[in-house]
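Asks: Quick one, fold the following:
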Amino acid sequence: MENNPIIIAGFGRSGTTWISDIISKSLGGLILFEPFHPGIYNESKSICYSGKLENATFIKKHLESCSQSTPENLWLLRNHLNTPLESNSSSFINYIWSNSKVLGFKTIRAVHLLSSLQNLINAKSIYIYRHPFAVLSSINNRNKFWEEYGWQWHFEHFFERAFTTTILLPLEIQHFQKIKEKCTEKNEVILMMWALS
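Replies: Predicted coordinates for the structure are as follows:
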């Protein structure tokens, strides 16, 4: 990975993929697609929503392995291909990889690790904001958005970790906890998650 890689992060359905595509095409390099996806990173579940880099060495090693050799999982290059992953020959993939610099990566799965990740790999970061109603609409159009670990898992772990973070002040946590208690509909909970992110 280049010195000072770029991290593009944001809440899901905020436009992180779109922005990463613009940057990669403008600069002529690769923005790796979701290196913390569970299909690529075995520890993805343990870091999702986490604010602590308890396994910092493993995360750094994983990011370095993603960027230093032809990726074992083509998922990392999916947005740099015009056709489905499986329809591309290995020679074509190798051509793209060997003729392009890795500029950074984009993620929606490590947003709460952003500050720690910046320090860990000496990275610059771009955090994408999109209007919460637009995010909510986009999520609702993707029926399987929370399928990865299940909605109940996401819901419970997000708030458990958000309310134990050192980023929020105690009064802020109390304020958000009171609001959360009044959230009864799934859409209200998602908007609350957006706000806390």
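
Asks: What's the separation between residue 184 and residue 159?
Replies: Residue 184 sits at a distance of 14 Å from residue 159 (criterion: CB to CB, to the nearest Å). For glycine as for every other residue, the C-beta is placed from the backbone atoms N, C-alpha and C.

Asks: Which one's more surrounded, the two?
Replies: residue 159 (19 against 7; other CB atoms under 10 Å).

Asks: tell me the contacts of the nearest residue to the more buried one once chain neighbours are set aside?
Replies: Among residues not flanking residue 159 along the chain, residue 180 sits closest, at 6.5 Å (CB to CB, 6 or more residues apart in numbering). With contact taken as CB atoms under 8 Å, 6 or more residues apart in numbering, residue 180 is in contact with 159, 189, 192.

Asks: Isn't the last one up against residue 181?
Replies: No: using CB atoms under 8 Å, residue 192 is not in contact with residue 181; the gap is 10.4 Å.

Asks: Which of the two has more residues huddled nearby?
Replies: The neighbour count for residue 192 versus residue 181, taken as other CB under 10 Å, is higher for residue 192 (20 against 8).

Asks: ok, that one - contacts?
Replies: Taking CB under 8 Å, 6+ apart, one finds 176, 179, 180, 183 in contact with residue 192.

Asks: Helices of the chain, start to end?
Replies: Secondary structure of the chain by DSSP state H: the helices cover 16-27, 44-47, 56-68, 90-98, 114-121, 132-140, 151-162, 170-181, 186-196.

Asks: So what's the gap between stretch 24-42 and the chain middle?
Replies: 10 Å (CA atoms, centre = their mean, to the nearest Å).
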